[in-house]
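Enquirer: fold the following, please.
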Amino acid sequence: MPVYNDVAPFDYYPYPESKVNGPKGIFKNLRRSSILDVGAGHGGVFDIHFWDSEAIVTRKEACDLFWIRPMPEGWVTKLGVDVCKLDEHYAAGEFDFVQCCEVLEHVADTRKALEQLVRVAKKAVFITSADETHHVGPEQEEIEKFNKHQAYVGQPKVADLEALGFTVRVASDDRRQLIAWLIKEGS
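Expert: Numbers count the residues shown, from 1 in each chain. Reported below is the predicted structural model:
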């Protein structure tokens with residue numbers, strides 16, 4: 001079980017979208033008219049209507065490899081999109097803002113996934129990633145029988161995130177949850 005004692009802590013929970021330290025605080029000066037949520041899956045980010053209050057956002061798209069629940073009005077959804085193959089679906093710099101929450105711990109090649117996220121983002125990327133022990137036990141085993149893509153295989157490496165220019169933090173409560181963001185130059 002990874003514990004990141006050498007990564008600066010970040011007070012992120014319980015509701016990252018509503019906190020000053022969450023995406024609204026980090027990206028408060030970033031003008032964005034388009035957003036891509038990679039791995040929207042169960043749509044948890046939308047439970048508190050995080051992006052619905054962003055009047056300047058005119059294009060909102062969500063994608064996932066497997067099951068996407070119905071998204072709020074105004075969202076386009078794409079099913080069957082692999083985070084490691086975003087180039088098959090999206091052009092470079094197609095979205096101002098790209099978020100990928102609680103996905104990378106399910107991806108075998110996180111470096112490739114990170115490169116794809118950075119490629120499709122014009123201005124910024126925001127990610128969170130739990131470790132492979134985030135969910136364990138009978139409930140997780142049942143979920144994996146239903147959806148093999150929900151198996152936990154590891155986290156992105158801090159060194160990979162930093163090499164791509166991300167600011168990396170760890171959740172202050174258990175020091176196992178990675179939070180990272182990248183704001184591209186000139187944004």
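Enquirer: hey, let's count contacts and neighbours off CA atoms from now on
Expert: OK.
Enquirer: and after the lowest-mean-pLDDT helix or strand in the chain, which helix or strand comes next?
Expert: Within the chain, no helix or strand scores below helix 138-146, which has a mean of 62 by mean pLDDT, DSSP states H and E. Once the chain leaves helix 138-146, the next helix or strand it forms, by DSSP states H and E, is helix 158-163.
Enquirer: what does that following helix contact?
Expert: Residues from elsewhere that reach helix 158-163, judged by C-alpha atoms under 8 Å, 6 or more residues apart in numbering: 111, 114, 167-168, 180.
Enquirer: in contact with the closest residue to residue 63 other than its chain neighbours, which residues?
Expert: Spatially, and ignoring its direct neighbours in sequence, residue 63 is nearest to residue 78 (4.6 Å; C-alpha to C-alpha, 6 or more residues apart in numbering). Residue 78 makes contact with 61-64 under the criterion C-alpha under 8 Å, 6+ apart.
Enquirer: at 7 Å instead, please
Expert: The neighbours of residue 78, taking C-alpha atoms under 7 Å, 6 or more residues apart in numbering as the test, are 62-64.
Enquirer: turn those into JSON lines, including secondary structure and neighbour count.
Expert: Output for those, formatted as JSON lines (DSSP: H, G, I helix; E, B strand; the rest coil; neighbours: other C-alpha atoms under 10 Å):
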{"residue": "62", "secondary structure": "strand", "neighbour count": "23"}
{"residue": "63", "secondary structure": "strand", "neighbour count": "24"}
{"residue": "64", "secondary structure": "strand", "neighbour count": "20"}
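Enquirer: between those residues, which sits nearest residue 186?
Expert: residue 62 (25.4 Å; C-alpha to C-alpha).
Enquirer: my guess is that closest one contacts residue 72. True?
Expert: No - applying C-alpha atoms under 7 Å, one finds residue 62 not in contact with residue 72, separated by 10.6 Å.
Enquirer: which stretch of helix or strand covers residue 170?
Expert: Using DSSP H and E, residue 170 falls in strand 167-171.
Enquirer: low-confidence bits of this structure, can you list those?
Expert: 1-3, 12-24, 42-55, 131-137, 139-154 (pLDDT under 70).
Enquirer: just the helices in it please.
Expert: 23-26, 110-120, 138-146, 158-163 (DSSP state H).
Enquirer: circling back: nearest to residue 7, of the contacts of residue 78?
Expert: Looking across the contacts of residue 78 and measuring by C-alpha to C-alpha, the closest to residue 7 is residue 64, at 29.1 Å.
Enquirer: I appreciate the help and will end here.
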